[in-house]
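Engineer: Below are the sequence and a predicted model; questions follow.
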Amino acid sequence: MLKGNLINKLSELILIGEHSDINKNNYIKVQFECEKQLTIAKKLLFVNVYHNAEKLVKKVLKRAASFHIVDVEAECYQLLRKINYLKGFPDKTEHFNLLSEQKLLVSSKVDEARGTIELFLSEIKFLRTQSKDIAERCSQYILPLVAYDKKSPFIELAILRLRMIKAHQDNDMEEWGTTISELQGFLKQYPHLLTEHLKLELNVSYIKYHLALSSYSKANKAIKSLLQFTTFEAFNRHEVLAEQYLFYCQRDKLEKAVEVFTEATQSLQFKMLDTMDQAAWSLRGAYLHFMINLTAPKLKFKDYKGKKLTSFFNECKPVSKDKTGYHLQFVIIRVLLLHLKDSIDYDSEQNSLKVYQSRHLKKRLPVRSTIFYAYLIKLTKGHFKKGSYQTLTKSFLKEMESHPPHIEHSEVFRYEHLWAAIGNGLR
C-alpha cells in the first residue's frame, strides 16, 4: 500500500513538474502544457460546462498551431465539435468535424514520419556498419513523405534526418555535409523543434562526418558541446565518449584514448549498458592494447594487462550480427592479438579470413576497409614475416593513396597507422 501511494505521489509530481530539456522553449514543453489544459477542458465538458471549456480550448488551439503540434490541434477541433453539438449549432459542428479530419490526416503522416525515423535510428544504434541496403531503404521511405513535407515541419525534419542517415550509410561525403548544413539551418528556422535527443543525434552525426574528413578541430568542438549536457545517469554520455575515443585514436593520442576508455568503462552505469555496447567497448580496449604494445609500450593500460584472449572473445559475442561493422573490427583484431600472443595458426586463420570475406564482406565494404582486409589476408598467408610485410607495404600504401582518404565508420585507428603498428612487431 505504501509503495502504491509513493508511486501515485511521484506520478503527480512528474505531471506538475517543469519540463527538463536543454531547450526550454521546445515544442515538448508546450505540448505538455496544452495537454494539461485540454484535460481540464474535458473535465468541464463532462459536467456540461462548455463556456469556460470553449475559451480554454481556443487558447490551446492558438498556441498549438504556432508550434505546429497537429495532434493537439486535432484534439482541439474534436472538443470544439463537441462544444458546438452541445450548443446545438450544426453548421459549426460540421465545420469543426471537417477541420478535425484534416488535422488527423496530417497528424497520421507526422506519426508515420516519426515512426520511420525511429525505426532507422533503432536499426543503426548498435551498428558500426555502412550499408547500401539501409541507404536504399531510406530512399524508399523518404519518397512517400515528400508529398506531405509542406504540411508540417515535423515531416520536413524527418526527411532531413533520413537523408542524413542515408548519406552516412552511402559514405557520400558531399551529400552528408550538405544535409547536416540544411538540418542546422532548418532548426534555426524552427528552433522549437530542437530537443535533447535531436541535438545528440545531429551533433554525433556532425562529429562522425568531421572525423571522416579528419577535420579534428570541428569534431572536437562538437564533442565538447555534447559533453556539457550529457551524463552517465541519462545513458547518453557513452555515445559521445565513443566518438571522443575515436577522435584520439585517429590522431594517435593513445594516452588520451586510455583516459576516455577508463572513464567510460569505470562508470557506475557501464554494467547497465546493452551487451552490444559493452562488447563495443571491449573491442575498443583490445585495439588500444594492441597499439600500445607495439607503439607505446611504456604507456600503462591496466584494464587489459594480463587479459586472456578467451575472455575477450566471449565478451565480443554480442557483436556477431554486425558483420561489416563491429564484427569486422573483431575479426581483424582477433588475428592481430593471436599474432601478438604468438599463438596463431597462420594457415587456418588465413582460411577463416577468406571464408568471412566470401560470406559477409564481398561487395559490401567501403573501399578502405576492402583494401586493408585484402592485405591482412595476404600478410597472414605470408605468416606475418617481415619480408612479406615489406613487399606488401608499398602496394598497400599506393592503393590507399589512390582513393579518397575519408575515414570509414568501421575504422578504429586509421588503417595506415594500424598497418604501420603491425610492422613494428614483426621479426
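Structural biologist: Done, it's in. On a predicted model such as this, the values are computed, not experimentally measured, just so you know.
Engineer: Grab the nearest non-local neighbour of Q269.
Structural biologist: F232 (4.5 Å; Cβ to Cβ, 6 or more residues apart in numbering). Heads up, the C-betas are built off the backbone N, CA and C, glycines and all.
Engineer: the strands in this protein, which residues?
Structural biologist: Counting by DSSP state E, one finds no strands in the chain.
Engineer: From the centroid of it, which residue is nearest?
Structural biologist: Nearest residue to the geometric centre of the chain (Cα atoms, centre = their mean): K125, 5.1 Å.
Engineer: Would you mind measuring from that residue to T275?
Structural biologist: Noted for K125: a distance of 13 Å to T275, by Cβ to Cβ, to the nearest Å.
Engineer: Verify the stated contact: H360 with K323.
Structural biologist: Yes. Using Cβ atoms under 8 Å, H360 is in contact with K323, at 4.0 Å.
Engineer: more neighbours, the two?
Structural biologist: Comparing H360 with K323 by neighbour count (other Cβ atoms under 10 Å), the higher total belongs to K323, at 19 against 14.
Engineer: so what's the backbone phi/psi at the more buried one?
Structural biologist: Backbone torsions for K323, taken as degrees, to the nearest 10, come to phi -60, psi -40.
Engineer: same question, A147
Structural biologist: According to degrees, to the nearest 10, A147 has phi -60, psi -20.
Engineer: gap between it and K109?
Structural biologist: For A147, the distance to K109 - Cβ to Cβ - is 9 Å.
Engineer: more neighbours, these two?
Structural biologist: A count of neighbours by other Cβ under 10 Å puts K109 above the other of A147 and K109, at 21 against 10.
Engineer: residue contacts, the more buried one?
Structural biologist: K109 makes contact with L145, Y148, K151, S152, I155, according to Cβ atoms under 8 Å, 6 or more residues apart in numbering.
Engineer: Show me which of those is closest to V30.
Structural biologist: S152 (15.0 Å; Cβ to Cβ).
Engineer: For the closest one, the count of nearby residues, please.
Structural biologist: Neighbour tally, S152, other Cβ under 10 Å: 18.
Engineer: distance of the closest residue to it other than its chain neighbours from Q350?
Structural biologist: Closest residue to S152 apart from its sequence neighbours, by Cβ to Cβ, 6+ apart: V110 at 5.2 Å. Applying Cβ to Cβ, the value for V110 to Q350 is 53 Å.
Engineer: Those two - which one has more neighbours?
Structural biologist: V110 (23 against 19).
Engineer: Correct me if wrong: the residue nearest to Q269 contacts V240.
Structural biologist: No. Judged on Cβ under 8 Å, F232 makes no contact with V240 at a distance of 10.6 Å.
Engineer: Could you check which of the two is surrounded by more residues?
Structural biologist: V240 (24 against 17).
Engineer: ok, that one touching Q228?
Structural biologist: No. V240 is beyond contact range of Q228, at 10.0 Å (criterion: Cβ under 8 Å).
Engineer: that older thread, return the distance of the residue nearest to the centre of the chain relative to Q140.
Structural biologist: K125 is 20 Å from Q140, by Cβ to Cβ.
Engineer: now R359
Structural biologist: If you go by Cβ to Cβ, the gap between R359 and Q140 works out to 26 Å.
Engineer: and what of K151?
Structural biologist: For K151, the distance to Q140 - Cβ to Cβ - is 20 Å.
Engineer: quick one: which of those two has more around it?
Structural biologist: K151 (18 against 8).
Engineer: any idea of the pLDDT on that one?
Structural biologist: We have a pLDDT of 92 for K151.
Engineer: Any idea how many residues pack against the closest residue in space to F372 that isn't next to it in sequence?
Structural biologist: Nearest residue to F372, sequence neighbours excluded (Cβ to Cβ, 6+ apart): Y415, at 4.2 Å. By other Cβ under 10 Å, 22 other residues sit near Y415.
Engineer: for Y190, same thing?
Structural biologist: Residues near Y190, counting by other Cβ under 10 Å: 16.
Engineer: My read is that it contacts P153, right?
Structural biologist: Yes. With contact defined as Cβ under 8 Å, Y190 and P153 form a contacting pair (4.9 Å).
Engineer: okay, and the common contacts of those two?
Structural biologist: Shared contacts of Y190 and P153, counting by Cβ under 8 Å, 6+ apart, come down to H68.
Engineer: Could you list which residues are in contact with the residue at the greatest distance from the centre of the chain?
Structural biologist: Farthest-out residue of the chain from its mean C-alpha position, per Cα atoms, centre = their mean: G88, at 52.6 Å. By Cβ under 8 Å, 6+ apart, no residues touch G88.
Engineer: how much space between it and K42?
Structural biologist: Remark: distance between G88 and K42 (Cβ to Cβ) = 20 Å.
Engineer: repeat for Q329
Structural biologist: Taken as Cβ to Cβ, the span from Q329 to K42 is 54 Å.
Engineer: who has more neighbours, the two?
Structural biologist: Counted by other Cβ under 10 Å, Q329 and K42 do not tie: Q329 has more neighbours, with 23 against 15.
Engineer: shouldn't that one be in contact with Y415?
Structural biologist: No. Contact criterion Cβ under 8 Å: Q329 and Y415 do not qualify, at 11.7 Å.
Engineer: how about the helices of the stretch 101-250 of the chain, start to end?
Structural biologist: 132-146, 153-170, 173-189, 196-212, 216-229, 237-250 (DSSP state H, counting those that start in this stretch).
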